[in-house]
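> Here is a sequence together with a model predicted from it:
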Amino acid sequence: MRILLISHYYWPEVGAPQRRWAALVGHFIEQGHQVVVATPHPHYPHIDSDEFFSSKVGRLRARVQPKLGGSWEMGELGERIIRVPYFRTGPSMVRQLLDQSVASVGAVGAILRLMRGSRAPDVVISTTPALPFLFAGDIVARTLGVPHVAEVRDVWPDLITDLALVSNASGGYLPQAVTTYLEQALLPEMFTAAQRRASAVVVTTKRFQNLLKRRGINAEVVRSGVNRSELDQPAHRSSVRTGDSKLLYVGTVGRSQDLTSAITAVSRVPGIRLRIVGDGADRQNLEVLAETLGAPVEFFEQTTGQELSEHWEWADAGLVSLGDVPSHSLTVPSKLYSLMARRVPILGIVAGEAAEIISSNRAGIVARPGDVDSIITAMQSMVQEVATPNSASTGYRWVTEHACVDVMGAEYDRVLEQVRS
């Protein structure tokens with residue numbers, strides 16, 4: 001099968017979407033499929049490629065020459081990559097949406113120029129969290145007359161309203177009536193229409209699947225899958241406790257994660273330290289907040305390999321956090337599965353399905369999103385070691401049965417065969 005993936009986030013960048021698709025593309029190629037990926041030149045979470053290639057993650061990587069119509073590159077897994085233009089991004093939501101929009105338009109143009117006729121794919125897969133890429137996948141699939149599998153990792157379009165996406169992006173310059181219409185009517189209707197046209201919509205939780213099915217959308221669950229290397233590593237052992245409890249957050253430092261609540265709580269709980277490893281739109285604000293509150297919080301640049309392993313050796317527990325919006329109760333951060341695979345005790349500032357997974361598997365302590373008092377209570381329990389999670393057994397077993405890369409690959413195989421039949 002010839003598979004075309006359209007994604008804003010891809011290798012050699014690092015992050016949850018990048019890890020998921022590295023695992024899936026590797027699986028597809030192992031199954032004998034041919035894979036082409038249309039994606040921007042690597043730059044996330046930096047402003048542009050120059051910053052990316054001078055970062056810890058990108059400094060040893062080679063780059064291809066940018067071309068307006070797309071540049072071919074070979075990936076590390078045997079896939080072919082079409083690198084397309086992007087817009088120099090930044091911390092503002094407007095610039096991020098412009099970046100995603102430019103890249104999605106560039107992807108459509110490059111694909112329709114390079115992959116028509118005998119070179120056309122058998123199936124198109126688009127993936128969020130970059131919203132314009134759903135529409136890019138829809139346009140390409142309909143133009144080429146092939147099935148479209150739309151992967152919707154987060155709870156879109158519901159998050160458009162929950163996060164006041166248009167209001168925040170416009171900075172208050174648009175009239176309230178206009179932003180309300182866009183957020184509650186036009187954009188959700190456009191997004192839902194594209195989802196209905198797709199042969200299948202892949203989501204990562206049962207709760208979101210049920211919601212989409214009630215809207216008449218063919219939704220299938222494919223959970224994020226933990227890599228074999230993470231499952232095979234020894235159980236987590238932090239350094240010998242010599243003082244404060246050490247809490248580690250690794251991942252995107254954005255508005256959706258609401259690390260503001262965690263930092264505020266840390267500033268009020270003696271005996272706990274927080275380390276944040278990653279980059280994102282909210283990092284600068286969080287650094288200012290931590291300094292203002294005098295909170296024991298350290299910030300480190302996004303990294304991989306041995307440096308990341310050293311952060312985990314430092315930690316006593318891992319933090320998973322989402323903001324207090326209704327849609328977040330329908331999602332599960334993929335880092336939760338990684339922590340369970342590592343047998344790392346978890347502080348989960350989450351609700352809904354994510355909270356249920358932590359609690360039912362005794363994998364850590366749960367606090368209510370946005371509730372600083374609840375987070376303080378959970379952190380005090382960590383410091384006092386009132387609750388010691390049994391994360392080395394039931395959590396690890398649950399991941400191997402429901403959220404490992406082999407299960408993820410098998411579920412995607414099922415979806416692809418379904419849309420082609």
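Looks like it arrived, so ask away.

> Flag every buried residue along stretch 361-377.
Neighbour counts over stretch 361-377 (16 or more other C-beta atoms under 10 Å) mark 361, 363-370, 372, 374-376 as buried. (C-beta placed from N, C-alpha, C; glycine too.)

> what does stretch 126-146 give?
Those would be 126-141, 144, 146, for stretch 126-146 by 16+ other C-beta under 10 Å.

> which residues touch Pro40?
Pro40 makes contact with His8, Arg83, Val84, Pro85, Tyr86, Asp99, Ala103, Gly106, according to C-beta atoms under 8 Å, 6 or more residues apart in numbering.

> What is the nearest of those to Ala198?
For the contacts of Pro40, the closest approach to Ala198 (C-beta to C-beta) belongs to His8, at 17.7 Å.

> Make sure that closest one is actually in contact with Thr39.
Yes. His8 is in contact with Thr39 according to C-beta atoms under 8 Å; the separation is 6.7 Å.

> shared neighbours of these two, which are they?
Ala103.

> can you tell me which of the buried residues of stretch 126-146 are in strands?
If you go by DSSP state E, the buried residues of stretch 126-146 have Ser126, Thr127 in strands.

> List the ones among the buried residues of stretch 126-146 that fall in helices.
Pro132, Phe133, Leu134, Phe135, Ala136, Gly137, Asp138, Ile139, Val140, Ala141, Leu144 (DSSP state H).

> Let me have those in TSV, extended by distance to Glu353 and pLDDT.
Formatted as TSV, those follow (distance: C-beta to C-beta, whole Å; pLDDT from 0 to 100):
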residue	distance to Glu353	pLDDT
Pro132	27	94
Phe133	24	96
Leu134	22	96
Phe135	27	97
Ala136	29	97
Gly137	26	98
Asp138	27	98
Ile139	32	98
Val140	32	98
Ala141	29	97
Leu144	35	96
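
> average model confidence for stretch 100-109?
Regarding stretch 100-109, the rounded mean pLDDT is 96.

> Would you mark the buried spots in stretch 345-360?
345-355, 357-358.

> List just the nearest of those to Pro175.
Using C-beta to C-beta, Ala351 comes nearest to Pro175 of the buried residues of stretch 345-360, at 33.0 Å.

> residue ranges with poor pLDDT in the protein?
Low-confidence segments of the chain (pLDDT under 70): 91, 235-242, 385-393.

> Please enumerate the strands of it.
2-6, 34-40, 71-74, 80-84, 123-127, 148-151, 200-203, 219-221, 245-250, 272-277, 297-300, 317-321, 346-349, 364-367.

> what about stretch 250-270, distance to the chain center?
18 Å (C-alpha atoms, centre = their mean, to the nearest Å).

> Send me that stretch as PDB with only the CA atoms.
What follows is stretch 250-270 as a C-alpha-only set of coordinates in PDB (Å, rounded to 0.1, in the frame of the first residue of the first chain):
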ATOM      1  CA  VAL A 250       8.900  16.700  30.100                       C
ATOM      2  CA  GLY A 251       7.000  17.900  27.100                       C
ATOM      3  CA  THR A 252       5.300  20.900  25.400                       C
ATOM      4  CA  VAL A 253       5.200  24.000  27.600                       C
ATOM      5  CA  GLY A 254       2.100  25.500  26.200                       C
ATOM      6  CA  ARG A 255      -1.200  27.100  27.400                       C
ATOM      7  CA  SER A 256      -3.100  23.800  27.200                       C
ATOM      8  CA  GLN A 257      -0.900  22.200  29.800                       C
ATOM      9  CA  ASP A 258      -1.600  25.000  32.400                       C
ATOM     10  CA  LEU A 259       1.700  24.600  34.200                       C
ATOM     11  CA  THR A 260       0.900  27.900  35.900                       C
ATOM     12  CA  SER A 261      -1.200  26.000  38.400                       C
ATOM     13  CA  ALA A 262       1.600  23.500  39.100                       C
ATOM     14  CA  ILE A 263       4.100  26.300  39.600                       C
ATOM     15  CA  THR A 264       1.800  28.200  41.900                       C
ATOM     16  CA  ALA A 265       1.200  25.000  44.000                       C
ATOM     17  CA  VAL A 266       5.000  24.200  44.200                       C
ATOM     18  CA  SER A 267       5.600  27.700  45.600                       C
ATOM     19  CA  ARG A 268       3.300  26.900  48.500                       C
ATOM     20  CA  VAL A 269       4.500  23.300  49.300                       C
ATOM     21  CA  PRO A 270       7.700  23.000  51.300                       C
END
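
> just how off-centre is the longest helix seen in the chain within its chain?
Using DSSP H, we find that the single longest helix of the chain is helix 93-114. The chain centroid and the centroid of helix 93-114 are separated by 19 Å under C-alpha atoms, centre = their mean.

> right, and Glu401 touches Gly395 too?
No. Taking contacts as C-beta under 8 Å, Glu401 lies outside contact range of Gly395: 11.1 Å.

> Which one of the two is surrounded by more residues?
Gly395 (28 against 9; other C-beta atoms under 10 Å).

> hang on, the earlier thing: format the ones in helices among the buried residues of stretch 126-146 as JSON lines; extra columns: distance to Thr304.
JSON lines is the format used below for those (distance: C-beta to C-beta, whole Å):
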{"residue": "Pro132", "distance to Thr304": "28"}
{"residue": "Phe133", "distance to Thr304": "24"}
{"residue": "Leu134", "distance to Thr304": "28"}
{"residue": "Phe135", "distance to Thr304": "32"}
{"residue": "Ala136", "distance to Thr304": "28"}
{"residue": "Gly137", "distance to Thr304": "28"}
{"residue": "Asp138", "distance to Thr304": "33"}
{"residue": "Ile139", "distance to Thr304": "34"}
{"residue": "Val140", "distance to Thr304": "31"}
{"residue": "Ala141", "distance to Thr304": "33"}
{"residue": "Leu144", "distance to Thr304": "36"}
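
> So Arg80 sits against Val36, correct?
Yes. Assessed by C-beta under 8 Å, Arg80 is found in contact with Val36 at 4.9 Å.

> Neighbour count for the two, which is higher?
Val36 (20 against 13).
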